[in-house]
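Novice: return atomic coordinates for the entry below.
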Amino acid sequence: MTPYDTTTTYLSSKVMTASPEELRMMLLDGALRFAHQAAAGLEQQDFELGYSGFTQCRAIILELSSTIDESKAPEIADRVKALYNFMYTELIASSHEKDADRLATVIELLEYERETWSLLMQKLDEERAGQEAPPERRAISFQA
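Specialist: Alright, predicted model coming up:
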């Protein structure tokens, strides 16, 4: 087994066992990684590196947008979709115009989205821990 096979097996296992919240976090991490790759490509004038970063980041943004569940809070879902559409449009413009400032805006929004998602996951973990744990019982001791 090669190191590549080991990494692929690990990542496959991680994805298959992740909760929906963790999967979304992985997508946000990937979008950020590829956006930074695109920024490095622009800075170094390595257009292949930039193209790859832009392409992967756009694909992840589309996935993030298309997996939003509108059934629970349609108004919030619409706003988040609009944000992802804005990021996607900015990625296209930044790629075509080689505009690092527009890309920096997308990176900033992705970092904010990631932080927000991280806080939400912490809150969900706390709520789940509170539901799963039985009420704490204290022993009463009577000593003479």
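
Novice: how close does residue 122 get to residue 111?
Specialist: Per CB to CB, to the nearest Å, residue 122 is found 17 Å from residue 111. C-beta coordinates here come from the backbone N, C-alpha and C atoms, glycine included.

Novice: between the two, which is the more surrounded one?
Specialist: Between residue 122 and residue 111, residue 111 has the larger neighbour count (other CB atoms under 10 Å), namely 13 against 10.

Novice: what's the burial count for residue 78?
Specialist: 12.

Novice: where does this structure have low pLDDT?
Specialist: Scanning the chain for pLDDT under 70 picks out 1-16, 132-144.

Novice: sticking with the residue nearest the centre of the chain, tell me its helix or strand.
Specialist: Computing the C-alpha centroid of the chain and ranking residues by CA atoms, centre = their mean puts residue 28 first, at 1.7 Å. With secondary structure defined by DSSP states H and E, residue 28 is part of helix 20-44.

Novice: which outside residues touch that helix?
Specialist: Residues outside helix 20-44 that contact it (CB atoms under 8 Å, 6 or more residues apart in numbering) are 14-15, 18, 46-54, 56-57, 60-61, 63-64, 67, 91, 94-95, 98, 100, 103-104, 106-107, 110-111, 113-114, 117-118, 120-121, 124.

Novice: show me which positions of it end up buried.
Specialist: Residues of helix 20-44 classed as buried by neighbour count (16 or more other CB atoms under 10 Å): 24-25, 27-28, 30-32, 34-35, 37-39, 41-42.

Novice: show me what the next helix or strand after that helix is packed up against.
Specialist: Going down the chain from helix 20-44, the next helix or strand is helix 47-66, by DSSP H and E. Packed against helix 47-66 by the contact rule (3 or more CB pairs under 8 Å, 6 or more residues apart in numbering; DSSP states H and E) you find helix 20-44, helix 74-97.
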